[in-house]
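Enquirer: Everything below, folded, please.
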Amino acid sequence: MSARKPDIAVVIPCFRVREKIAEVVSAIPPQIKRIYCVDDACPDGSGEAIRALSDPRVRLLSHEVNKGVGGAVVTGYRAALEDRADIVVKIDGDGQMDPALISAFVRPILAGEADYTKGNRFYRIEDVRGMPPVRIFGNAVLSFMTKLSSGYWHLFDSTNGYTAIHASVLRALPLEKLSERYFFESDILFRLNTVHACVRDIPMQAVYADERSNLRIGNILLPFFTGHMRNFHKRIVYNYFLRNFSIASLELVLGTLLLTFGLVFGLASWNVSLAEGVPATPGTVMLSALPVLIGVQLLLSFLQYDISATPTRAIHPSIDMDETTRDSPPGN
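Expert: Below you'll find the model as predicted:
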């Protein structure tokens, strides 16, 4: 008996993509069984353009109120799970993501090598050369913050929205808690780490034409910073104090305490020396410098442990086995 072919679905959040959505849908390979186009209360009539499509795979999902890209994707995810899709791919409707790459995103998941794949536009140096320096710098900063908050230190281009995920891993995520706006791509990485999912970057080249981005840098700086800091603290508490307690947990606590003490004591002593005009004694200098040096060493050791703890094995094969066992009648 031949193995069942995987059911692959595509989710497309649609907002101001009226002119591009038909082209994007037509380029999606025929082996994709279902395409969920989510009209996120688009004022330009993207929903009408989707209804006019003749592709029988397309299912239109509509929001009465704009929920943001994250909210639209979650709506598509829920529909795909209800229809029992095996893998769910997410692409944008503005034509910047080549649907021909879907097989490259799905392949590592089918092979049991990853649970979630995402695009990386910075993998090849030839692709980077044509990007504006501001875009490169901004993506580097956001990617480093995502490494801290998510724990996936090997990933880059964290805001890339070309993704694929195994349905069993998607069911394990609290979809109702995911950010509904532009922080969605970074937030889902944090959630994936909490279930120890394996994530892999897929090299890709974005297509830039005359599309206008709805993203405004000034509007996202503070939400992104606060979101990353919140997720970083949650991840540290979850992974190093609630679910597990290891030598790395001690290194983090002791390193933070020693570094803080050394800095506070050193600054206070320096302030006293300036006020009194008397140089600090060698003992005072050592009492400040030694805790700082030891604290930095402990924190670097913790960082090395955290990097080495990045999940490298896919979890969906075992989840699928558990679900099969749970759904099967006793004795079968």
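Enquirer: Pull up the gap between residue 313 and residue 199, please.
Expert: Computed as CB to CB, to the nearest Å, the residue 313 to residue 199 distance reads 11 Å. (Glycine included, C-beta is placed from N, CA and C.)
Enquirer: So these two - more neighbours on which side?
Expert: A direct count of neighbours by other CB atoms under 10 Å for residue 313 and residue 199 places residue 199 higher, at 26 against 13.
Enquirer: List the backbone torsions phi and psi for the more buried one.
Expert: For residue 199, the backbone dihedrals (degrees, to the nearest 10) come out as phi -120, psi 140.
Enquirer: Which pLDDT does the model give it?
Expert: The predicted local distance difference test score for residue 199 is 97.
Enquirer: need the contact list for it.
Expert: Taking CB atoms under 8 Å, 6 or more residues apart in numbering, we find residue 199 in contact with 114-118, 152, 155, 189, 192, 311.
Enquirer: Sort out which one of those lies nearest residue 270 for me.
Expert: The closest of the contacts of residue 199 to residue 270 turns out to be residue 152 (CB to CB; 39.5 Å).
Enquirer: ok, that closest one touching residue 189?
Expert: Yes. Using CB atoms under 8 Å as the test, residue 152 is close enough to residue 189 to be in contact (5.8 Å).
Enquirer: got any residues that touch both of those two?
Expert: Each of 146, 199 lies in contact with both residue 152 and residue 189 under the rule CB under 8 Å, 6+ apart.
Enquirer: Among the contacts of residue 199, find me the one that's closest to residue 39.
Expert: Taking CB to CB as the measure, residue 39 sits nearest to residue 118 out of the contacts of residue 199, at 24.3 Å.
Enquirer: List the beta-bridge partners for the closest one.
Expert: Beta-bridge partners of residue 118, counted by DSSP bridges, are residue 163, residue 201.
Enquirer: wait, what's in contact with it?
Expert: 155, 157, 160, 162-163, 185, 199-202.
Enquirer: Phi, psi for residue 281 please.
Expert: Taking degrees, to the nearest 10, you get phi -70, psi 160 for the backbone angles of residue 281.
Enquirer: For burial, what's the neighbour tally of the closest residue to residue 241 other than its chain neighbours?
Expert: Across the structure, with CB to CB, 6 or more residues apart in numbering as the measure, the residue nearest residue 241 apart from its sequence neighbours is residue 249 (6.1 Å). Other residues lying near residue 249 total 16 when counted by other CB under 10 Å.
Enquirer: again with residue 67
Expert: Applying the criterion other CB under 10 Å, we find 19 residues in the vicinity of residue 67.
Enquirer: Quick check: it touching residue 75?
Expert: Yes. If you go by CB under 8 Å, residue 67 and residue 75 touch, sitting 7.5 Å apart.
Enquirer: Tell me the buried residues in the helix or strand hosting residue 274?
Expert: For residue 274, the enclosing helix or strand under DSSP states H and E is helix 247-276. Taking 16 or more other CB atoms under 10 Å as the basis for neighbour counts, the residues of helix 247-276 that come out buried are 248-249, 251-252, 254-255, 258-259, 262, 265-266, 269.
Enquirer: go on, stretch 5-22?
Expert: Going by neighbour count (16+ other CB under 10 Å), the buried part of stretch 5-22 is 7-18, 20-22.
Enquirer: Could you pull up the mean pLDDT of the helix or strand hosting residue 107?
Expert: Secondary structure assigned from DSSP H and E places residue 107 in helix 102-110. Per-region confidence: helix 102-110 scores 96 on mean pLDDT.
Enquirer: mind listing what's buried in that helix?
Expert: 102, 104-106, 108-109.
Enquirer: same for it, what does it pack against?
Expert: Helices and strands in packing contact with helix 102-110 are listed as strand 8-14, strand 87-90, strand 116-120, strand 163-166, strand 199-203; criterion 3 or more CB pairs under 8 Å, 6 or more residues apart in numbering; DSSP states H and E.
Enquirer: Walk me through the domains of the chain.
Expert: Segmentation of the chain into domains, based on automatic domain parsing, reads 8-238, 245-327.
Enquirer: among the ones you listed, which is the most enclosed?
Expert: Across the domains of the chain, the average number of neighbours (mean count of other CB atoms under 10 Å) peaks for domain 8-238, which reaches a mean of 18.
Enquirer: Endpoint to endpoint, it covers what distance?
Expert: In terms of CA to CA, to the nearest Å, the two terminal residues of domain 8-238 are separated by 32 Å.
Enquirer: check contacts around the residue lying closest to residue 128 once chain neighbours are set aside.
Expert: Closest residue to residue 128 in three dimensions, ignoring its sequence neighbours and counting by CB to CB, 6+ apart: residue 122, at 5.5 Å. Taking CB under 8 Å, 6+ apart as the contact definition, residue 122 lies against 128, 136, 139, 156-157.
Enquirer: Make JSON lines out of these and add distance to residue 292.
Expert: Listed next are the contacts of residue 122 as JSON lines, based on distance: CB to CB, whole Å:
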{"residue": "128", "distance to residue 292": "37"}
{"residue": "136", "distance to residue 292": "33"}
{"residue": "139", "distance to residue 292": "33"}
{"residue": "156", "distance to residue 292": "31"}
{"residue": "157", "distance to residue 292": "35"}
